[in-house]
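1. quick one, what's the 3D model for this:
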Amino acid sequence: MGQNSVKAILAAGMMFTSCAVAFAHGDVKPQAVDTTGLPETGEEWLIENPYRVETAGLEVWKKALEVGASGYNQNCARCHGLEVVSGGLAPDLRYIEAEEYGDEWYVERFRTGYTQNGTTKMPAFGELLGQDAAWAIRTYIETRPDTEAMEEVADELKALRDELAEYGKDASGADAAALKARLSEIADGIEALSGAPVADSVAYRAANLIDGTEAAFTAAAETLTIGLSATQ
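-> The predicted structure is shown next:
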């Protein structure tokens, strides 16, 4: 077993522990996750993420990201951080590798919870949220980008954001194709810490919003603003 495998298993073994502490104190209650639009995964629990882009296709993957982001933010963000960037007190879930063994550990912990010395530190989420939500949250977690790589391109992304904001007011002089291409190029250089094939970075999101309209330029600029703020 390699170093990365050990890291994945250790991270998965501890996942959601700090959220569980909040549950134990009665501060948090599981919030239902709306999985409408996702292919149903059935009653028997899988051991590998069915919503990965290479398996499910781009549209299903995008929907899983949307559902997973909502589920994560409702149930885990207060402990594990916005965009899954841990503040240090909770395990950093971004390092659970996007491979079958990582999936197995993830779904086992998600389903059964975590108990230490006879005390429940994390409730079992399986029956509360269901399998579709579990894998959508997994998809969101595993596509988080490398923050160090994001920091390296932050200044250029800020400049692009300002340019996009101006085109949101008047798009007459905009070269939408060039802007989209540059953002896509930046996105291609940002990897997911889990090893997932695509990182859902703000550069990726902004690039996919641009269609040449002023509304799209504004949306892309706002996406960069929010995303850059979250990584600081």
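
2. can you map out the strands along this protein?
-> Using DSSP state E, the strands found in the chain span residues 114-116, 119-122.

3. would you mind giving the domain segments of the protein?
-> 3-142, 147-230 (automatic domain parsing).

4. mean pLDDT lowest for which of those?
-> Among the domains of the chain, domain 3-142 carries the lowest mean pLDDT, a mean of 81.

5. show me how far that one is from its chain's centre.
-> Computed by Cα atoms, centre = their mean, to the nearest Å, the chain-centroid distance of domain 3-142 equals 10 Å.

6. now stretch 146-166
-> 19 Å.

7. export only the CA atoms of that stretch, formatted as PDB.
-> Output in PDB follows, covering the C-alpha atoms of stretch 146-166 (Å, rounded to 0.1, in the frame of the first residue of the first chain):
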ATOM      1  CA  ASP A 146      -5.400  22.400  -5.200                       C
ATOM      2  CA  THR A 147      -5.400  25.600  -3.200                       C
ATOM      3  CA  GLU A 148      -1.700  26.200  -3.800                       C
ATOM      4  CA  ALA A 149      -2.200  26.000  -7.500                       C
ATOM      5  CA  MET A 150      -5.100  28.400  -7.200                       C
ATOM      6  CA  GLU A 151      -2.900  30.900  -5.300                       C
ATOM      7  CA  GLU A 152      -0.400  30.800  -8.100                       C
ATOM      8  CA  VAL A 153      -2.900  32.100 -10.600                       C
ATOM      9  CA  ALA A 154      -5.000  34.200  -8.200                       C
ATOM     10  CA  ASP A 155      -3.600  37.500  -9.500                       C
ATOM     11  CA  GLU A 156      -4.400  36.700 -13.100                       C
ATOM     12  CA  LEU A 157      -7.800  35.500 -12.200                       C
ATOM     13  CA  LYS A 158      -8.500  38.700 -10.300                       C
ATOM     14  CA  ALA A 159      -7.400  40.700 -13.500                       C
ATOM     15  CA  LEU A 160      -9.700  38.500 -15.600                       C
ATOM     16  CA  ARG A 161     -12.500  39.000 -13.100                       C
ATOM     17  CA  ASP A 162     -12.200  42.800 -13.400                       C
ATOM     18  CA  GLU A 163     -12.200  42.500 -17.200                       C
ATOM     19  CA  LEU A 164     -15.200  40.300 -17.200                       C
ATOM     20  CA  ALA A 165     -17.100  42.700 -14.900                       C
ATOM     21  CA  GLU A 166     -16.500  45.500 -17.300                       C
END
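
8. please, where are all the helices along the protein?
-> Secondary structure of the chain (DSSP state H): helices at 3-14, 17-24, 53-56, 58-75, 77-80, 100-112, 126-129, 131-142, 147-152, 154-169, 176-188, 202-209, 214-230.

9. nearest to Asp34, out of these?
-> The stretch from these with the least distance to Asp34 (Cβ to Cβ) is helix 58-75; that distance is 7.0 Å. C-betas here are computed from N, CA, C, even on glycine.
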